[in-house]
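[1] Structure for the following, please:
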Amino acid sequence: MKQLKGQAKNINCEILGKITFKNVGLFSSKKDLVFVSKNTANFPKGYLAVLTNIENTETEQPAVFGIQNLSELNEGEVVVINTDGNISVLYEIRSTHNAIMATERCNHRCIMCPQPPILQKTDKTEFNLKLLSMFDKSTKDIGITGGEPTLIGDNLFVLIEYIKKHLPKSSISLLSNGVKFADYEYTRKLALILHPDLQIDVPIFSDIDAEHNRIVGAKTFYKTIEGLYNLAKFRQKIGLRIVVHKQTYKRLPQLAEFIYRNFPFVFHVAFMQMEMTGLAEQNIDELWIDPYDYRAELEEAVLNLARRNMRVSVYNSQLCILPESIRDYAKQSISDWKNIYLPECEGCELKDECAGFFASAENRHSKKINKSALSIDNKSYDGKEVYNE
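    So this is what the prediction gives:
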């Protein structure tokens, strides 16, 4: 998420509020609004807080001074302001990757998790309901993530029901390890919400139970499988996610076959390039492989599913390192706030169509990134002839 920093004054507790650049007037409600004031110390009263780029001045209002990058904020965005002057943007009005974190707890410890779980005793549901109440009503997509969201129990259903009622234009992507859905009654409760556009995205890392369990740090392979079947029984939309790294790439073709034979009901399968933060960064020597070096296995796995009419995508991967046969399956999937392009990408004719990189990949990425490897208009691609339709 976007982060800003300034000097806090009169802020004694965390403030959650919606950004406005407009003085809404004397008789309008300001109880959830954070006013942004540029180049002036004339702060209107009644707002939760004031954010400004000017240096410290006298005021009795909660304020953060000296913010250098105020231009990164937009009308209608939602921020949380900490007592130390740190500001995090939790909802971006122009983004298609907005999400709420149900909990930071998790019952897995995946070897490549970009956000390692922490022990969190407080329930975030009330905070998340307030956060959702500030989302724009036209928001198209909302993610529910963690940690493991099902660890908040039935409060997960409270969040989904709130979105259904108050944000009816929003689809939901629920990221879960799927273990809790082995509980038939819990899965039934989810289905009874009858959300019209809910997808449960579940990771699976191997067709071999012991390999999957080793990667997730728990003996839960068969619970995840049972959860997938329970979700299918209730006709829930299911996605599968496979993070590709040194410990998973060799059996991608076998995993694709396993998925086709055992889960033909899934709505979508995504093969994902690894994000190198958190535990992935800590375990990098055990995980890193140049994505160019697993292109053959990835190509076989993707085409195995696609030729059987399964919906499949490649996430977080750069077009110039993909075989031409699967470039059409590549999606721009990296969240806006952590999406970068390298100097090597400048001048590439397909840059606007390419996913680019996680910011964490700036110093570790494929050595084959090269705009000259890509071309259009029937020029060569990776030594082969390409004929555009």
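[2] quick one: the strands in the stretch 1-150 of the chain?
    Applying DSSP state E, counting those that start in this stretch to the stretch 1-150 of the chain gives strands spanning 3-5, 7-9, 15-20, 33-37, 49-52, 63-65, 78-81, 86-91, 99-101, 141-145.
[3] Would you convert these into TSV that also reports mean neighbour count, mean pLDDT and distance to Phe234?
    C-betas here are computed from N, CA, C, even on glycine. Output for the strands of the stretch 1-150 of the chain, formatted as TSV (neighbours: other C-beta atoms under 10 Å; pLDDT from 0 to 100; distance: least, C-beta to C-beta, whole Å):
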stretch	mean neighbour count	mean pLDDT	distance to Phe234
strand 3-5	15	95	39
strand 7-9	17	96	48
strand 15-20	20	97	34
strand 33-37	22	95	41
strand 49-52	23	95	44
strand 63-65	24	96	47
strand 78-81	23	98	33
strand 86-91	19	97	30
strand 99-101	20	96	23
strand 141-145	18	97	18
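[4] Break this protein down into its domains, please.
    In the domain annotation for the chain, the residue ranges read 3-91, 99-385 (automatic domain parsing).
[5] which residue lies farthest from the center of this protein?
    Residue farthest from the centre of the chain, counting by C-alpha atoms, centre = their mean, is Glu58 at 40.1 Å.
[6] how close does it get to Leu175?
    46 Å (C-beta to C-beta, to the nearest Å).
[7] Turn the strands of the stretch 1-150 of the chain into a markdown table, including distance to Asp352.
    Below are the strands of the stretch 1-150 of the chain laid out as a markdown table (distance: least, C-beta to C-beta, whole Å):
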| stretch | distance to Asp352 |
| --- | --- |
| strand 3-5 | 26 |
| strand 7-9 | 39 |
| strand 15-20 | 28 |
| strand 33-37 | 30 |
| strand 49-52 | 32 |
| strand 63-65 | 35 |
| strand 78-81 | 28 |
| strand 86-91 | 24 |
| strand 99-101 | 24 |
| strand 141-145 | 20 |
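[8] Looking at these, which is nearest to Leu255?
    With C-beta to C-beta, the closest approach to Leu255 among these belongs to strand 141-145: 23.2 Å.
[9] what's the offset of that closest one from the middle of its chain?
    Strand 141-145 has its C-alpha centroid displaced from the chain centroid by 8 Å (C-alpha atoms, centre = their mean, to the nearest Å).
[10] tell me which strands and helices that strand is in contact with?
    On a contact count with 3 or more C-beta pairs under 8 Å, 6 or more residues apart in numbering; DSSP states H and E, strand 141-145 meets strand 99-101, helix 155-166, strand 171-175.
[11] how about a cut-off of 7 Å?
    Helices and strands touching strand 141-145, by 3 or more C-beta pairs under 7 Å, 6 or more residues apart in numbering; DSSP states H and E, are strand 99-101, strand 171-175.
[12] sorry, back to before: any idea which of the strands of the stretch 1-150 of the chain gets closest to Leu228?
    Relative to Leu228, the nearest member of the strands of the stretch 1-150 of the chain by C-beta to C-beta is strand 141-145, separated by 17.9 Å.
[13] Let's see the closest one as PDB, backbone CA atoms only.
    Taking Å, rounded to 0.1, in the frame of the first residue of the first chain, the C-alpha atoms of strand 141-145 are listed here in PDB:
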ATOM      1  CA  ASP A 141     -13.400  -5.700  -6.900                       C
ATOM      2  CA  ILE A 142     -12.600  -6.300  -3.300                       C
ATOM      3  CA  GLY A 143     -10.100  -8.900  -1.900                       C
ATOM      4  CA  ILE A 144     -10.400 -10.500   1.500                       C
ATOM      5  CA  THR A 145      -7.000 -11.700   2.500                       C
END
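[14] what's it in contact with?
    96, 98-102, 159, 163, 167, 170-175 (C-beta atoms under 7 Å, 6 or more residues apart in numbering).
[15] the inter-axis angle of that strand versus helix 155-166?
    Calculated by axes from the mean of the first three to the mean of the last three C-alpha atoms, to 10 degrees, strand 141-145 forms an angle of 170 degrees with helix 155-166.
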